[in-house]
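[1] model the structure of this input:
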Amino acid sequence: MIPPSLITRLETFVRRPLLTAAVLSSAVVLLAGCSGSGDGSNDAATGTNAGASQPSATPAAAAKLKSGTDLKPLLPTIKDMPKGFTVVKDQVRDTGGDIGPADKLTPVSTPNCADLDGNSWSLSLGGSSAFAQTGFASKDGSNISIEIDSYEGNVAQKIMTGYKKIFTGCKTYKTKGDGQTGTEKVVLKPGLDVGDASLHAVATSTMFQGGITYAAVKVGPQVVTVTWSSQSKDLGAKGVDLATTIATQLQS
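    Predicted coordinates:
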């Protein structure tokens, strides 16, 4: 059996198709007229903003550190995905029944905003003692990455704090594709009504089609993260539903 410390989480980068020249031009105009998010955005990253309901208290059962074997059944399967998605086999992995030594926790100083192009933001802080991960993709280029991590002590809260720094530090950033440079805009949304801390954000671009929805929920020592990159106008909004469903199971 491979020791949990040697099983690594898969890092994926997602790039949506380029917009057509006409759409690209109008998108630049729209972005120029947009102001930044309101003062409530920072609070939204932890699920405590005035616009969201306060989450229920975490049951004592959620306080137990769960192994990869415990977490794996909580992940969605292909039956839970919209039509047209298939499993990304390389992303299906977990650390098994053992709780291994934690990864080194990496504090956030200056966030690497390019991590938001895929699921790298959710892996960039380390600190996990166990995890289970899965992923799905569709022919149109949409991608879904889902993970549940277990953290010892108060590391889960530090992880959520680190995530907040990433998203508040990357409200706009430059991105490149096919020799072009565009602007990615990331907006923090109201937190989820589940868990004891949460984050929800959406990214859109002047250059790429669709958008990306990010969600993170802390339930005791566990943290659920979802990255849903969508080609459609929904911008991957169903990623919030996935994160909510998993977090609710962790609380039961």
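[2] so which elements touch the helix or strand where Leu71 lies?
    Taking DSSP states H and E as the definition, Leu71 sits inside helix 68-71. In terms of contacts (3 or more C-beta pairs under 8 Å, 6 or more residues apart in numbering; DSSP states H and E), helix 68-71 is packed against strand 93-94, strand 130-138. (Each C-beta comes from the backbone N, C-alpha and C, glycine too.)
[3] quick one: closest of those to Thr86.
    Closest of these to Thr86 is strand 130-138, at 6.3 Å (criterion: C-beta to C-beta).
[4] Thr183 and Thr204 touch, don't they?
    No. Counting by C-beta atoms under 8 Å, Thr183 does not reach Thr204; the two are 9.6 Å apart.
[5] after the helix holding Leu71, which helix or strand is next? Please name it.
    As assigned by DSSP H and E, the chain's next helix or strand after helix 68-71 is strand 85-87.
[6] now do that next one: distance to the chain's middle.
    Distance of strand 85-87 from the chain centroid (C-alpha atoms, centre = their mean, to the nearest Å) equals 18 Å.
[7] stretch 95-112 too?
    On C-alpha atoms, centre = their mean, the centre of stretch 95-112 falls 15 Å from the chain's centre.
[8] go on, stretch 121-128?
    With C-alpha atoms, centre = their mean as the basis, the mean position of stretch 121-128 lies at 11 Å from the chain mean.
[9] stretch 230-239 now?
    13 Å.
[10] show the end-to-end separation of it, please.
    With C-alpha to C-alpha, to the nearest Å as the measure, the ends of stretch 230-239 fall 10 Å from one another.
[11] return the set of buried residues in it.
    Buried residues in stretch 230-239, defined by neighbour count with 16 or more other C-beta atoms under 10 Å: Ser230, Gln231, Leu235, Gly236, Ala237, Lys238, Gly239.
[12] swap in stretch 172-179?
    Tyr173, Thr175, Gly177.
[13] the last one and Phe208 touch, don't they?
    Read it as Gly177. Yes. Gly177 is within contact range of Phe208, at 6.8 Å (criterion: C-beta under 8 Å).
[14] hmm, back to that, higher neighbour count, Thr183 and Thr204?
    Legend: neighbour count by other C-beta atoms under 10 Å for Thr183 and Thr204, higher for Thr204 (20 against 16).
[15] specify the beta-bridge partners of the residue nearest to the more buried one when sequence neighbours are not counted.
    Nearest residue to Thr204, sequence neighbours excluded (C-beta to C-beta, 6 or more residues apart in numbering): Gly211, at 4.4 Å. Applying DSSP bridges to Gly211 gives these bridge partners: Thr204, Ser230.
[16] before we move on, the earlier item: can you list the helices and strands packed on helix 68-71 in TSV and add mean neighbour count and distance to Asp80?
    Compiled in TSV, the helices and strands packed on helix 68-71 are given as follows (neighbours: other C-beta atoms under 10 Å; distance: least, C-beta to C-beta, whole Å):
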stretch	mean neighbour count	distance to Asp80
strand 93-94	20	17
strand 130-138	24	9
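[17] how about the strands in the chain?
    85-87, 93-94, 130-138, 143-150, 172-177, 180-188, 197-205, 211-219, 222-230 (DSSP state E).
[18] just want the angle from the last one to strand 197-205.
    Note on geometry: by axes from the mean of the first three to the mean of the last three C-alpha atoms, to 10 degrees, strand 222-230 and strand 197-205 are set 20 degrees apart in direction.
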